[in-house]
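Novice: Show me how the following folds:
(2 chains)
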Number of protein chains: 2
Amino acid sequence: MGKYAYGVDIGGTSVKIGMFDREGGKEDFWELRTRTEDHGVNILPDVAASIEKRMEEKELKKSDIIGIGIGVPGPVDSKGTVLQAVNLGWGAFNVKATVEDLTGIRCEAGNDANVAALGEMWKGGGRGFDDMVLVTLGTGIGGGIISGGRLLVGASGAGGEIGHMHLEDDEPVQCNCGCFGCFEEYASATGAVRVATRVLEATEQESVLRGREFTCKDIFDAAAGGDAVAQQAVEKYGYYLGKGLAIIASVVNPEIFVLGGGVTKAGDTLLQLLKPSFEKYVFPGAGDCKFALATLGNDAGMYGAARLVLQ
Amino acid sequence: MGKYAYGVDIGGTSVKIGMFDREGGKEDFWELRTRTEDHGVNILPDVAASIEKRMEEKELKKSDIIGIGIGVPGPVDSKGTVLQAVNLGWGAFNVKATVEDLTGIRCEAGNDANVAALGEMWKGGGRGFDDMVLVTLGTGIGGGIISGGRLLVGASGAGGEIGHMHLEDDEPVQCNCGCFGCFEEYASATGAVRVATRVLEATEQESVLRGREFTCKDIFDAAAGGDAVAQQAVEKYGYYLGKGLAIIASVVNPEIFVLGGGVTKAGDTLLQLLKPSFEKYVFPGAGDCKFALATLGNDAGMYGAARLVLQ
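Specialist: Numbering: from 1, shown residues only, chains lettered A, B, ... in the order given. Sure, this is the predicted structure:
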């Protein structure tokens, strides 16, 4: 019976690989450069070769390894087929079967945001909860839904792709996905800048944000420093975030939302900002819902990938 | 090893009970009156006694029975605890344990709408699909989400309670749940009447619907008969329905929506009406989604209840 699982998180610039014991103790960790050239044909062979090399160094046999879990930046269905991963140059193929052929070791594959949700449930902010939604507030919004301890993968691997849930009508700016008014157009870090820009445009009031480029962090810093316009902007941001989470809660009834990504550097402030609109819009039967911050940061995907083969 | 499962669907006026073989063949069927007096204390003892009587008549032993599945009109968590069932007079208690004590036979319990989704997946409009959402368009909107062949129960049994998902801002009429702008305020049968009333009020145009009380069926009939105002009303109804389903699809990525309830008497027309707004609002990665009509009608809950113990 195997003792260790590898968790592999494939990103657009680097691949993070961790070796974990059954309880999630991290026994080894390293990174590789992601070779995206030639449509990323080298990525999985690089991963396989580096795991084999590391196993040799540690004198591990195949029978010591429970499996290899892989998180991929694209939709992955329940059979381990990625449909497309633009950042890696990948089209559609079966990641699970490919890695099993390369290594002779059992493999499972999942979408990186979904896998991160598994990681946060296992060892992070969602520890101890079986019904959890991870919401990653970065450049866009990623998400992963866990129901009864299992990932909601969806028919084509797009389960939990909550960033593109429709939130607002009458949005003039098109989202990357082609729609108008997606959740991430308002509640991502980029969305926060858009929201603040609109608040600025609607008032003559002075603000440290006026007349310059600013980031999501600048907005939250200015609000914390007492800038009235920035305070309006973060309240409006919280309104959109709470409204989106309320809709998700009304559909899937999680016990806890775990929030990750760059925007959560604002910390508990963020949780306070989203609550009024969350409570306004959520179905009362699903409203008794906790909120927590993610704790694993960029390691969540690696933990969750290992968890894929340890369940 | 047992051969048969009982599926029990408890409604506010009657209890439907079916006996099924492992393949879903219906071997027996009967109904009981639901005795809701005295906070419904007699309901489960009545069910237990009538199953035992029927087993005696058919000379079945306990070892012939795989289990008893029960659908309840209220939220039921994954441990079989109902939180409240207003129509039965029930408060919180464990249905599963109660029926197991009464009968000595294994029991599982679930929310009636969720259980109906299982039934439609097993033997109805969702047959052959593992990622399915049942949407029941009746007086309100009920729903059940199945992901990877398993029910999404939710933390407090409110998973799939999509009728109370927030859909529209600025709604002046309060929903039964206490919120404003819920999906079922527009896309239930009652919602269709509200939508048509508003369309009528916004125009001077003649209509067979003007100046009288009308039902959802009247609206669809009038539209089919060429009434221009009724046609606007059903288009608007389809807009809301498609928008709501698009939001759900963007969150849970089903392979198929199965539509049931009284409104679906409109048949394929309904599917045509919802498609334009569904396609407008859905995340493209989750947009390749089928639609079908439910086929089991009021039997869906009974089938699904049996399925609870046959999985």
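
Novice: okay, CA-based contacts and neighbour counts for the rest of this
Specialist: OK.

Novice: What's the mean pLDDT across stretch A:193-212?
Specialist: In this model, stretch A:193-212 carries a mean pLDDT of 97.

Novice: CA atoms only for that stretch, dumped as PDB, please.
Specialist: C-alpha atoms of stretch A:193-212 as PDB (Å, rounded to 0.1, in the frame of the first residue of the first chain):
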ATOM      1  CA  VAL A 193     -10.800  49.200 -10.000                       C
ATOM      2  CA  ARG A 194     -13.700  49.500 -12.500                       C
ATOM      3  CA  VAL A 195     -16.200  50.000  -9.600                       C
ATOM      4  CA  ALA A 196     -13.900  52.700  -8.000                       C
ATOM      5  CA  THR A 197     -13.400  54.400 -11.400                       C
ATOM      6  CA  ARG A 198     -17.200  54.700 -11.800                       C
ATOM      7  CA  VAL A 199     -17.700  56.000  -8.200                       C
ATOM      8  CA  LEU A 200     -15.000  58.600  -9.000                       C
ATOM      9  CA  GLU A 201     -16.700  59.600 -12.200                       C
ATOM     10  CA  ALA A 202     -20.100  60.000 -10.500                       C
ATOM     11  CA  THR A 203     -18.800  62.600  -8.000                       C
ATOM     12  CA  GLU A 204     -16.800  65.800  -7.900                       C
ATOM     13  CA  GLN A 205     -15.500  65.000  -4.400                       C
ATOM     14  CA  GLU A 206     -11.700  65.100  -3.800                       C
ATOM     15  CA  SER A 207      -9.900  61.700  -3.500                       C
ATOM     16  CA  VAL A 208      -6.400  60.500  -3.400                       C
ATOM     17  CA  LEU A 209      -7.400  58.100  -6.200                       C
ATOM     18  CA  ARG A 210      -8.400  61.000  -8.600                       C
ATOM     19  CA  GLY A 211      -6.200  61.700 -11.700                       C
ATOM     20  CA  ARG A 212      -4.000  58.700 -11.500                       C
END
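
Novice: can you list contacts of that stretch?
Specialist: Residues from elsewhere that reach stretch A:193-212 (CA atoms under 8 Å, 6 or more residues apart in numbering or on different chains): A:185-186, A:214-216, A:218-219, A:222, A:227-230, A:232-234, A:236-237.

Novice: now with 6 Å?
Specialist: The contact list for stretch A:193-212, computed with CA atoms under 6 Å, 6 or more residues apart in numbering or on different chains, reads A:216, A:229, A:233.

Novice: from those, which ones fall inside helices?
Specialist: A:216, A:229, A:233 (DSSP state H).

Novice: nearest to B:Arg127, of these?
Specialist: Closest to B:Arg127 out of the ones in helices among the contacts of stretch A:193-212 is A:Cys216 (47.0 Å), distances taken as CA to CA.

Novice: residues touching the closest one, list them.
Specialist: Contacts of A:Cys216 (CA under 6 Å, 6+ apart): A:189, A:192-193.

Novice: I'd like to know how far it sits from B:Ala246.
Specialist: 29 Å (CA to CA, to the nearest Å).

Novice: quick one on the thing from earlier: can you put the contacts of stretch A:193-212 in a markdown table and add pLDDT?
Specialist: Listed next are the contacts of stretch A:193-212 as a markdown table, based on pLDDT from 0 to 100:
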| residue | pLDDT |
| --- | --- |
| A:Cys216 | 97 |
| A:Val229 | 98 |
| A:Ala233 | 98 |
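
Novice: So which bits of the stretch 1-150 of chain A are right by chain B?
Specialist: Residues of the stretch 1-150 of chain A lying near chain B by CA under 6 Å from any CA of the partner chain: A:Asp131.

Novice: Could you rerun that using 10 Å?
Specialist: Taking CA under 10 Å from any CA of the partner chain as the test, the list of the stretch 1-150 of chain A residues beside chain B reads A:75, A:78, A:83, A:129-132, A:143-148, A:150.

Novice: Let me know how buried A:Asp112 is, in neighbour terms.
Specialist: Per other CA atoms under 10 Å in any protein chain shown, the neighbour tally for A:Asp112 reads 28.

Novice: For it, which non-adjacent residue is closest in space?
Specialist: A:Gly71 (4.4 Å; CA to CA, 6 or more residues apart in numbering or on different chains).

Novice: beta partners for the one you found?
Specialist: Per DSSP bridges, the residues bridged to A:Gly71 are A:Asp9, A:Gly110.

Novice: didn't it look like it was pressed against A:Ala117?
Specialist: No: with contact defined as CA atoms under 10 Å, A:Gly71 does not reach A:Ala117; the gap is 11.1 Å.

Novice: quick one: which of these two has more around it?
Specialist: Legend: neighbour count by other CA under 10 Å for A:Gly71 and A:Ala117, higher for A:Ala117 (34 against 30).

Novice: Restrict the helix or strand containing that one to CA atoms and write it as PDB.
Specialist: Element membership of A:Ala117 [criterion: DSSP states H and E] is helix A:112-123. Taking C-alpha atoms only, helix A:112-123 is exported to PDB below (Å, rounded to 0.1, in the frame of the first residue of the first chain):
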ATOM      1  CA  ASP A 112      -6.800  24.300 -10.800                       C
ATOM      2  CA  ALA A 113      -9.500  26.400  -9.100                       C
ATOM      3  CA  ASN A 114     -11.600  23.300  -8.200                       C
ATOM      4  CA  VAL A 115      -8.500  21.500  -7.000                       C
ATOM      5  CA  ALA A 116      -7.600  24.600  -4.800                       C
ATOM      6  CA  ALA A 117     -11.000  24.300  -3.200                       C
ATOM      7  CA  LEU A 118     -10.200  20.700  -2.300                       C
ATOM      8  CA  GLY A 119      -6.900  21.900  -0.800                       C
ATOM      9  CA  GLU A 120      -8.500  24.600   1.300                       C
ATOM     10  CA  MET A 121     -11.100  22.000   2.500                       C
ATOM     11  CA  TRP A 122      -8.400  19.500   3.400                       C
ATOM     12  CA  LYS A 123      -5.700  21.700   5.000                       C
END
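
Novice: Now do it: which elements does it pack against?
Specialist: With contacts taken as 3 or more CA pairs under 10 Å, 6 or more residues apart in numbering or on different chains; DSSP states H and E, helix A:112-123 sits against strand A:4-10, strand A:65-72, strand A:132-137, strand A:141-147, strand A:150-151, strand A:256-260, helix A:300-310.

Novice: Minimum distance to A:Ala158: which of the ones you listed has it?
Specialist: Going by CA to CA, the one of these nearest A:Ala158 is strand A:141-147, 9.4 Å.

Novice: Can you get me the centre-to-centre distance for the closest one and its chain?
Specialist: Per CA atoms, centre = their mean, to the nearest Å, the displacement of strand A:141-147 from the mean C-alpha position of its chain is 7 Å.

Novice: Give the partner strands of it in its sheet and their orientations.
Specialist: For strand A:141-147, the paired strands and their directions (DSSP bridges) are strand A:132-137 (antiparallel), strand A:150-151 (antiparallel).

Novice: could you check the angle helix A:112-123 makes with that strand?
Specialist: Strand A:141-147 runs at 50 degrees relative to helix A:112-123, counting by axes from the mean of the first three to the mean of the last three CA atoms, to 10 degrees.

Novice: got the angle for strand A:141-147 vs strand A:256-260?
Specialist: 150 degrees.

Novice: about what we covered before: point out the most buried one among the strands paired with strand A:141-147.
Specialist: strand A:132-137 (a mean of 30; mean count of other CA atoms under 10 Å in any protein chain shown).
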